[in-house]
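Participant: what's the 3D shape of this:
(one chain, ligands or ions: 1)
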Amino acid sequence: MKLLLHTCCAPCSIYCIETLRKEGIEPTIYWYNTNIHPYTEYKARRDTLKEYTKSININAIFEEEYGLNKFCKNVINNLETRCSDYCYKVRLEQTAKYAKENGYDAISTTLLVSPYQKHEILKKQGEEIAKKYGIQFLYRDFRVGFKEGQTKARELGMYMQKYCGCIFSEEMSKSAHQKKDKEESARANRDTERRIRLSDTIPNLDFRPLKRENEEEIDFIYNIKKEKYKEENKKELDKEILNKLLERYIKENVKNIKVIMLKEEKIGFFDGKILENNTFRIDNIFILKEYQNKGIETAISNEILFENEKVDKSK
Ligand code: SF4
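Facilitator: Numbering: from 1, shown residues only. Purely as a prediction, here's the structure:
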């Protein structure tokens with residue numbers, strides 16, 4: 001059998017080629033992957049395949065076409081079905097055409113190794129297209145060897161792609177990161193707006209979440225709490241008991257303690273609770289003596305009220 005094997009990339013080709021060779025079939029590799037995006041990725045996959053085919057001494061044909069425009073025009077109306085409506089068909093059709101023109105009697109594709117492709121559709125389309133050209137479609141369920149092939153590719157130090165290939169699959173692979181970036185950016189923007197509002201009332205006033213790993217901040221909270229205890233109870237508690245109480249306080253409240261800053265100096269803190277409707281309720285505000293009665297407590301409370309109202313309204 002003279003077989004033309006459409007090949008999407010080197011890692012996917014390993015198991016397919018090894019299996020066919022074991023069966024006594026020596027395929028000719030056929031590179032035709034027009035919509036791999038961006039061009040640097042197209043080149044990386046193609047060049048990896050070039051090196052690999054040379055290293056295993058197999059014949060390989062490279063059909064150069066980088067058809068991003070054509071691809072986008074053809075799939076834009078229904079991105080969901082782009083793989084089966086366009087991508088598979090274009091690859092298989094071109095493979096069959098080349099095979100027919102150059103005396104091959106069968107085609108197949110390394111896409112059959114991927115558990116991420118629509119395997120049954122590939123098989124059906126392969127059979128239909130091959131029939132149209134009067135040749136055979138050699139079907140194998142190569143998926144059983146997907147992991148084995150990927151492991152070998154890693155061992156060989158091959159370039160391994162992170163997404164299927166087209167611009168849309170690239171975007172999908174990045175969507176988790178994009179979501180995180182968006183959330184981080186929204187949080188940073190909220191912080192900036194809050195700083196501006198607070199600074200409108202008292203310049204350089206701000207607050208930020210307590211960091212458990214910041215020993216200096218933790219000590220700061222400890223000391224204020226200790227002083228507060230002494231003041232309220234008119235006595236000092238046994239050091240050990242007090243330390244245990246404070247430790248427990250930090251542990252239980254760490255997520256809801258905010259350190260109040262003035263000109264980047266720690267001047268107090270407040271604690272509270274996140275309520276069911278996702279708003280924050282302040283339970284206690286502690287400010288160092290020298291900064292008390294300067295309107296800081298009011299500014300902080302107003303800011304929390306403002307934030308809460310925004311959360312409520314946005315529901
Ligand atoms: S996801 Fe993969 S198979 Fe589907 S259109 Fe993109 S490159 Fe082709």
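Participant: residues near E247, how many?
Facilitator: Other residues lying near E247 total 12 when counted by other C-beta atoms under 10 Å. Any C-beta I mention is one placed from the backbone N, CA and C, and that applies to glycine too.
Participant: For the helix or strand that contains it, what is the distance to the chain centroid?
Facilitator: Under the assignment given by DSSP states H and E, the secondary-structure element containing E247 is helix 239-253. Averaging C-alpha positions (C-alpha atoms, centre = their mean, to the nearest Å) puts helix 239-253 39 Å from its chain's average.
Participant: CA atoms of that helix as CSV?
Facilitator: Extracted in CSV, the C-alpha atoms of helix 239-253 (Å, rounded to 0.1, in the frame of the first residue of the first chain):
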residue,chain,number,x,y,z
LYS,A,239,1.8,36.7,79.2
GLU,A,240,1.3,33.1,78.1
ILE,A,241,-2.5,33.3,78.2
LEU,A,242,-2.5,36.7,76.5
ASN,A,243,-0.3,35.4,73.7
LYS,A,244,-2.6,32.4,73.2
LEU,A,245,-5.6,34.6,73.0
LEU,A,246,-4.0,36.9,70.5
GLU,A,247,-2.7,34.1,68.5
ARG,A,248,-6.3,32.8,68.3
TYR,A,249,-7.6,36.2,67.4
ILE,A,250,-5.2,36.5,64.5
LYS,A,251,-5.8,33.0,63.2
GLU,A,252,-9.6,33.4,63.3
ASN,A,253,-9.7,36.9,61.8
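Participant: what's that helix in contact with?
Facilitator: Here helix 239-253 makes contact (C-beta atoms under 8 Å, 6 or more residues apart in numbering) with 212, 218, 221-222, 225-226, 229, 236-237, 257, 271.
Participant: In it, which residues are buried?
Facilitator: Judged by neighbour count (16 or more other C-beta atoms under 10 Å), helix 239-253 contains these buried residues: 242, 246, 250, 253.
Participant: Can you name the residues of the stretch 101-250 of the chain sitting close to the ligand?
Facilitator: Residues of the stretch 101-250 of the chain lying near the ligand by C-beta under 6 Å from any ligand atom: 164-166, 168-169.
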